[in-house]
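A.B. asks: got a structure for you, letters missing:
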RNA sequence: GUGGGUAUAGUUCAGUGGCAGAACGCCAGACUGUGGCUCUGGAUGUCGUGGGUUCGACCCCCACUACCCACCCCA
């Protein structure tokens, strides 16, 4: 026999009953988004490779080594070959759609959310997959619509805290930072580079390398011996210009006022080039090394970088895979019960047809119903009913059909009653 | 891309250089209209793949593959 085909590395199947947990998170997100006036956008799963190169950044790990990219060969003389890429994140696609459909011309603030798979060709580990799922939201629009306001930053972060609460994740921490505008970051990068030149020889091998390639990454180092040196390096806050400083202060002021706990972490570094000003990350203790539950930030120059109008924005992406892991690590949250309310058991020859009518009618009345078949004895029906998780079992036999009175039994309590055909649904609802 | 760990029944896992195991689960019967208990019986399988050592390898050696964890990076 030929070798069976398996799911490719870094991909997986989400099976019942786990899929119920995924639906629970997705539903909670849609509910919260609705209340904050966010609306769903669905963008393509693959895009022109250039979209990600120009937004996420050519030099980032994501673009330089983690994308699934292929050449789409021309199929007619008139077609040109095009480099396509499975989306490694969704913000670029949303901003592309914003530009393409001239959403800025409406003058209205766009508040958009998405739910869907993303793809990065990384080595899989706990909480990290090659096909993974993100829920995200973006607020963007022309500055006249208020897109630049710190109120938007605070609103998004407040919404996330509410989402976490409603999903049932308790054990989280919020870290906040401002990376300033492009000029601020350039000056800070320069300052870091100079400061590191003197001390990097005393640091770990990774830091020595990062001091050259990407000084910001040094701040992320976890080697204990390096921490004192890192503490002595210049802080980003000292390099923010006045408008950026004020913006960040206002975000913090609002968050303080709504009573959200957070930590300013000047060492929090995010790996996408488009972030400006506010950046944030919610972390969770139950996730192993990949502790970031969700992350996001402001991207005031992204639209222009993609050839669009000025359209400041802020957004986030949360890792659905990691949300589910976090939920599973907090024992208080169980898998939602999706079992049927009733198991309809035909008893004896020729009862399948009668049972099918009853099951159809129950389902019409919004009762989740499982239907057996008449190859089973009564005992087998009970066993199948138990396995289905149904709370009730209904027997459909010759006696019942003749009398129009049905035996309805509560599988948990053992209580049994006789009910008329028309009353079955009512009994279940009561 | 680098490092470490693991690979035996549907699942969780024991195991020994000489017959392939347990628990749970599954199937059948006792028991063809009222179960959950019990009893009896049954099937669990390329011991990840390929090679080597050996009279003999699931076990020792080598290679490969897959999965897990970590680095890196991120959600």
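C.D. replies: Perfect, thanks for sending it. Remember, it's a predicted structure, so these values are computed and weren't measured experimentally. Residues are numbered from 1 along each chain as shown, chains lettered A, B, ... in the order given.
A.B. asks: Angles on the backbone of the closest residue to RNA strand B within the stretch 201-350 of chain A, please.
C.D. replies: Residue of the stretch 201-350 of chain A nearest RNA strand B, by Cβ to the nearest atom of the strand: residue A:271 (0.7 Å). C-betas here are computed from N, CA, C, even on glycine. Main-chain torsions, residue A:271, degrees, to the nearest 10: phi -90, psi 10.
A.B. asks: who are the neighbours in contact with it?
C.D. replies: A:60, A:61, A:62 (Cβ atoms under 8 Å, 6 or more residues apart in numbering).
A.B. asks: Pull up the gap between the last one and RNA strand B, please.
C.D. replies: This points to residue A:62. Computed as Cβ to the nearest atom of the strand, to the nearest Å, the residue A:62 to RNA strand B distance reads 6 Å.
A.B. asks: could you measure that residue against residue A:134, distance?
C.D. replies: Taking Cβ to Cβ, to the nearest Å as the measure, residue A:62 and residue A:134 are separated by 13 Å.
A.B. asks: Between those two, which is the more surrounded one?
C.D. replies: Set residue A:62 next to residue A:134 and count neighbours by other Cβ atoms under 10 Å: residue A:134 wins out with 21 against 18.
A.B. asks: before we move on, which element is residue A:370 in?
C.D. replies: Using DSSP states H and E, residue A:370 falls within strand A:369-371.
A.B. asks: I'd guessed residue A:270 sits against residue A:279; true?
C.D. replies: Yes - contact criterion Cβ atoms under 8 Å: residue A:270 and residue A:279 qualify, at 5.1 Å.
A.B. asks: what residues are shared contacts of those two?
C.D. replies: Common contacts of residue A:270 and residue A:279 (Cβ under 8 Å, 6+ apart): A:179, A:295, A:297.
A.B. asks: Please enumerate residues in contact with the lowest-mean-pLDDT helix or strand in chain A?
C.D. replies: When each helix and strand of chain A is scored by mean pLDDT, DSSP states H and E, helix A:205-213 comes last, with a mean of 81. With contact meaning Cβ under 8 Å, 6+ apart, helix A:205-213 is reached by A:193, A:196, A:197, A:200, A:201, A:203, A:217, A:218, A:221, A:223, A:226.
A.B. asks: How many residues are close by the fourth one?
C.D. replies: For residue A:200, the number of neighbouring residues by other Cβ under 10 Å comes to 20.
A.B. asks: what residues are up against it?
C.D. replies: Counted by Cβ under 8 Å, 6+ apart, residue A:200 has contacts A:207, A:208, A:211.
A.B. asks: Which positions in the stretch 151-300 of chain A make contact with RNA strand B?
C.D. replies: Residues of the stretch 151-300 of chain A lying close to RNA strand B by Cβ under 7 Å from any atom of the strand are A:206, A:210, A:214, A:217, A:220-222, A:269-272, A:281, A:288-295.
A.B. asks: Counting only strands, which of those residues make the cut?
C.D. replies: Residues of these located in strands (DSSP state E): A:281, A:292, A:293, A:294, A:295.
A.B. asks: any chance of those residues in CSV, with neighbour count and pLDDT too?
C.D. replies: Listed next are these as CSV, based on neighbours: other Cβ atoms under 10 Å; pLDDT from 0 to 100:
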residue, neighbour count, pLDDT
A:281, 21, 96
A:292, 17, 93
A:293, 25, 95
A:294, 24, 96
A:295, 21, 95
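A.B. asks: among the contacts of residue A:200, who's most crowded?
C.D. replies: Among those, residue A:207 has the most neighbours (other Cβ under 10 Å), with 23 neighbours.
A.B. asks: what's the distance between that one and residue A:214?
C.D. replies: From residue A:207 to residue A:214 the distance is 11 Å (Cβ to Cβ).
A.B. asks: and residue A:71, what helix or strand is that in?
C.D. replies: strand A:69-72.
A.B. asks: outside of stretch A:19-26, which residues touch it?
C.D. replies: Contacts for stretch A:19-26 (Cβ under 8 Å, 6+ apart): A:14, A:115, A:133, A:135, A:167, A:320, A:323-324, A:327-328, A:335-338.
A.B. asks: what about that stretch, average pLDDT?
C.D. replies: The average pLDDT for stretch A:19-26 rounds to 94.
A.B. asks: And for stretch A:421-430?
C.D. replies: Average pLDDT, stretch A:421-430: 92.
A.B. asks: which parts of that stretch are buried?
C.D. replies: For stretch A:421-430, burial by neighbour count (16 or more other Cβ atoms under 10 Å) applies to A:421, A:424, A:425, A:427, A:428.
A.B. asks: In contact with the fourth one, which residues?
C.D. replies: By that I understand residue A:427. Contacts of residue A:427 by Cβ under 8 Å, 6+ apart are A:408, A:417, A:419.
A.B. asks: Packing partners of the helix or strand hosting the last one?
C.D. replies: The one in question is residue A:419. For residue A:419, the host element (DSSP H and E) is strand A:416-420. Applying 3 or more Cβ pairs under 8 Å, 6 or more residues apart in numbering; DSSP states H and E, we find strand A:416-420 packed against strand A:405-410.
A.B. asks: So for the strand it packs on, what gets flagged as buried?
C.D. replies: In terms of neighbour count (16+ other Cβ under 10 Å), strand A:405-410 has its buried residues at A:406, A:407, A:408, A:409.
A.B. asks: Let me have those residues in CSV, adding pLDDT and distance to RNA strand B as columns.
C.D. replies: Below are the buried residues of strand A:405-410 laid out as CSV (pLDDT from 0 to 100; distance: Cβ to the nearest atom of the strand, whole Å):
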residue, pLDDT, distance to RNA strand B
A:406, 95, 8
A:407, 94, 3
A:408, 95, 9
A:409, 95, 5
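A.B. asks: Out of these, which comes closest to residue A:387?
C.D. replies: Nearest to residue A:387 among the buried residues of strand A:405-410 is residue A:409, at 15.8 Å by Cβ to Cβ.
A.B. asks: give me every residue that touches the closest one.
C.D. replies: Residue A:409 is in contact with A:392, A:393, A:394, A:395, A:415, A:416, A:417, counting by Cβ under 8 Å, 6+ apart.
A.B. asks: Would you mind giving the domain segments of chain A?
C.D. replies: Using automatic domain parsing, the domain parsing of chain A gives A:18-181+A:241-329, A:342-429.
A.B. asks: Let's have the ones you listed in CSV, adding distance to residue A:188.
C.D. replies: Shown next, in CSV, are these (distance: least, Cβ to Cβ, whole Å):
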stretch, distance to residue A:188
domain A:18-181+A:241-329, 7
domain A:342-429, 57
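A.B. asks: Buried deepest among those, which one?
C.D. replies: Mean neighbour count (mean count of other Cβ atoms under 10 Å) peaks for domain A:18-181+A:241-329 among the domains of chain A, with a mean of 18.
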